[in-house]
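# Fold the following, please.
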Amino acid sequence: MAFETIAHHVDDGVLTVTLRRPEQLNAFTVTMADELEATFRTVNDDDSVRAVIVTGAGRAFCAGMALSTDGNVFGLDESCEPTLADMQDLSDPSLARVRDTGGRVTLAIHDCKKPVVAAINGPAVGIGATMTLAMDARLVSTKARFGLVFGRLGIVPEAASSWFLPRIVGLPRALDLALSADVLDADATVENGLATASYEPDQLLPAARELADRWTKGRSPVAVALARQMLRRNSSYDHPADAHRVDSLAMFWTSVGDGKEGVAAFLEKRSPEFTGRASAMPDFYDDWIDEAR
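Coordinates of the predicted model:
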């Protein structure tokens with residue numbers, strides 16, 4: 001695929017996605033939203049990729065939405081008058097310029113079968129911050145800044161961050177971060193639970209790569225995909241019996257798939273050679289994901 005605003009590089013199963021508008025501090029555009037959404041949808045069936053790292057070109061990660069464009073800077077159609085009832089079917093083409101562009105990206109990240117690590121190399125503001133909340137880990141450079149600055153602009157947290165943020169830091173802290181609209185330095189970003197650790201700039205991508213490898217190298221792609229989605233979705237059920245139903249199906253199908261090789265390798269004291277593919281998930285998977293949406 002040819003991209004205007006991002007770049008792809010695959011090395012030993014890890015796809016690094018680089019936001020690539022360095023002169024504009026990688027400011028987010030509708031085109032970037034389209035390219036990121038496509039990336040996280042298509043990577044699901046790319047068995048050459050086992051994990052994804054997202055970072056920025058130049059000195060910024062993403063400075064937020066590009067605010068100098070003509071018309072509605074968020075790419076929305078101001079002639080529409082949408083209601084909550086209109087939003088029921090998110091696949092409806094008529095909602096293309098009603099739906100929040102950042103939310104399209106974070107929902108694609110949420111649905112991804114591969115772990116996603118944010119390597120935040122510089123300022124991450126607005127959508128530059130909220131897009132990372134859908135990722136599985138956030139690592140920051142000592143030069144990073146993290147800002148949920150919507151309150152300063154008279155708008156609201158977007159990119160489904162009202163769902164992701166409280167799950168990461170808890171509701172009281174999420175409220176404080178959203179309403180205070182402060183821009184945090186790297187240490188404060190870690191202290192607030194928004195990132196796991198900070199690194200010197202030249203160590204950031206190696207640390208992200210080390211984490212991606214620790215999670216996925218030598219692992220079953222099917223089991224990784226299932227575990228990622230189970231942890232994201234099952235905790236939202238009203239009763240643990242609902243999680244048990246999914247656990248049971250996932251255990252059954254992995255036990256007759258890569259689980260056989262994993263047990264044999266353990267008993268024979270050798271490294272496993274898994275053959276399962278994330279592009280060929282158990283039959284229940286798509287129904288479960290669709291039901292959980």
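# which residue sits closest to Val73 in space, ignoring its chain neighbours?
The shortest distance from Val73 to any residue that is not its chain neighbour, by CB to CB, 6 or more residues apart in numbering, is 5.0 Å, and that residue is Leu67. In short, each C-beta sits where N, CA and C put it, glycine included.
# Kindly indicate whether Met32 is helix, strand or coil.
On the three-state scheme (DSSP: H, G, I helix; E, B strand; the rest coil), Met32 is labelled helix.
# any idea how far it lies from Thr18?
11 Å (CB to CB, to the nearest Å).
# Neighbour count: these two, which is higher?
For Met32 against Thr18, the residue with the higher neighbour count under other CB atoms under 10 Å is Met32, and the figures read 25 against 20.
# Run a quick neighbour tally on Pro221.
24.
# Repeat that for Ser235.
Here the neighbour count serves as a burial measure; for Ser235 (other CB under 10 Å) it reads 10.
# Could I get the pLDDT score of it?
The predicted local confidence for Ser235 comes out at a pLDDT of 90.
# For it, list the residues it contacts.
With contact set as CB atoms under 8 Å, 6 or more residues apart in numbering, Ser235 has these partners: Ala243.
# SS state for it?
Going by three-state DSSP: Ser235 is helix.
# any idea how far it is from Ser220?
Counting by CB to CB, the gap from Ser235 to Ser220 is 22 Å.
# Likewise for Met281?
On the measure of CB to CB, Met281 and Ser220 end up 11 Å apart.
# Then Gly128?
With distances defined as CB to CB, the gap from Gly128 to Ser220 amounts to 33 Å.
# Between these two, which is the more surrounded one?
It is Gly128, of Gly128 and Ser220, that has more neighbours when counted by other CB under 10 Å, with 29 against 22.
# Now do the buried residues in stretch 20-35.
20-21, 25-35 (16 or more other CB atoms under 10 Å).
# For these, please prepare CSV with the additional fields distance to Val14 and pLDDT.
As requested, the buried residues of stretch 20-35 are exported to CSV (distance: CB to CB, whole Å; pLDDT from 0 to 100):
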residue, distance to Val14, pLDDT
Arg20, 18, 98
Arg21, 23, 97
Leu25, 25, 96
Asn26, 20, 97
Ala27, 26, 96
Phe28, 24, 96
Thr29, 26, 94
Val30, 28, 92
Thr31, 25, 94
Met32, 21, 96
Ala33, 23, 95
Asp34, 23, 95
Glu35, 19, 97
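# rewinding a little: shared neighbours of Met32 and Thr18, anything?
Common neighbours of Met32 and Thr18 are listed as Ile6 (criterion: CB under 8 Å, 6+ apart).
# neighbours around Val10, how many?
Tallying neighbours of Val10 according to other CB under 10 Å, which is how burial is gauged here, yields 13.
# Equivalent analysis for Cys62, please.
Applying other CB under 10 Å, we find 28 residues neighbouring Cys62.
# Not counting residues beside it along the chain, what's closest to it?
Leaving aside its sequence neighbours, Cys62 sits nearest to Gly128 (CB to CB, 6+ apart; 3.0 Å).
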